[in-house]
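I would like to see how this sequence folds:
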Amino acid sequence: MFVESRDIAQIIARNAKLNQGAAKSLGINMSRLPSPATMHEIEDPATPRNGARVVMEPQNKSAQRPGTGSSSTVGGRPTATIDTAAYVDRIQADNAAGRCFICELADEQTTRTRETVAYRDEHCIVFFPPWPRLYAYCLLAPRRHATNVVSDFTEDDYLALQLRVHRLGRVLAQITPTERLYVFSFGSMQGVDHVHWHVAPLPPGMPFREQQFAAVDKSDYLVIEKAELDELAQKVGAGMAALTQPRGLSS
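Below you'll find the predicted structure:
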């Protein structure tokens, strides 16, 4: 049975009045018990009532304001805020029209300016998204169009891709300080359906509440100058190529 917090407060107050003597003998300071108003303040913040103050705030404030500008910095780097609605509209329109930007990136004859390609081989492509939530945040995708993250691959093909995810993680950890490396696969049959893996280095010292999903599920992104991004891409490409040599890992 659900009992509202205001009812609990009333019960506490009534019992307090009835048990003043017992409380005094036990050394309990009844004035420290929460009042009905205080109890009302700690109700579920999703359903505030009668104008009560909500004392809990959203963990990821930046995700609450898509489409707005931002002048904040992360790790000394400026940030901006993606227009989430426009992004969703674009990827869904591309999906409906049968366009795949990852396939375009995989084709060396296609030139795209929004993303920055760092590496290609016979199995995969590695590129930087235009709106990185973390420094050196990369995506790795198979060169051929596949939409099911497991069933569209033979075991050998899948292991070849995961070998490259492993190599990419090693390279990123050498390029930038990394407390934890995040590796995950998102996507949607209604949006970007081409299978891809996100490989994202979490920098040291990030507060716990800003880690994990909070680190990547937000509208704010790092603004990285093209020259720096190109240099970063060269380092990733060189590192990946070095690990394909006999002294590195073999395919």
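
where along the stretch 51-200 of the chain do the helices fall?
Using DSSP state H, counting those that start in this stretch, the helices found in the stretch 51-200 of the chain span residues 84-96, 101-106, 155-175.

May I see these arranged in a markdown table, with distance to residue 197 and mean pLDDT as well?
For glycine as for every other residue, the C-beta is placed from the backbone atoms N, C-alpha and C. Converted to a markdown table, these look like this (distance: least, CB to CB, whole Å; pLDDT from 0 to 100):
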| stretch | distance to residue 197 | mean pLDDT |
| --- | --- | --- |
| helix 84-96 | 18 | 95 |
| helix 101-106 | 12 | 94 |
| helix 155-175 | 6 | 97 |
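
Between those helices, which one is closest to residue 225.
The minimum distance between residue 225 and those falls on helix 155-175, with 16.4 Å, by CB to CB.

Only the buried residues of the closest one, if you could.
160, 161, 163, 164, 165, 167, 168, 169, 170, 171, 172 (16 or more other CB atoms under 10 Å).

Low-confidence ranges, the stretch 151-251 of the chain, go.
246-251 (pLDDT under 70).

show me the contacts for the nearest residue to residue 153 once chain neighbours are set aside.
Nearest in space to residue 153, with sequence neighbours left out and distances taken as CB to CB, 6 or more residues apart in numbering, is residue 146 at 6.6 Å. Residue 146 is in contact with 152, 153, 194, 195, counting by CB atoms under 8 Å, 6 or more residues apart in numbering.

And residue 146, its phi and psi?
Backbone geometry at residue 146, expressed as degrees, to the nearest 10, gives phi -140, psi 140.

got it, and residue 131?
Torsion angles, degrees, to the nearest 10, at residue 131: phi -130, psi 70.

Isn't it up against residue 81?
No. Using CB atoms under 8 Å, residue 131 is not in contact with residue 81; the gap is 9.3 Å.

Which neighbours do those two have in common?
Common neighbours of residue 131 and residue 81 (CB under 8 Å, 6+ apart) are residue 221.

Could you check which of those two has the larger neighbour count?
residue 81 (20 against 16; other CB atoms under 10 Å).

Bridging across strands, which residues link to the more buried one?
For residue 81, the beta-bridge partners under DSSP bridges are residue 220.

Quick check, pLDDT for it.
Residue 81 carries a pLDDT value of 95.

Next: residue 4.
Reported pLDDT for residue 4: 47.

returning to that earlier point: greatest separation within the contacts of residue 146: which pair is it?
153 and 194 (13.0 Å).
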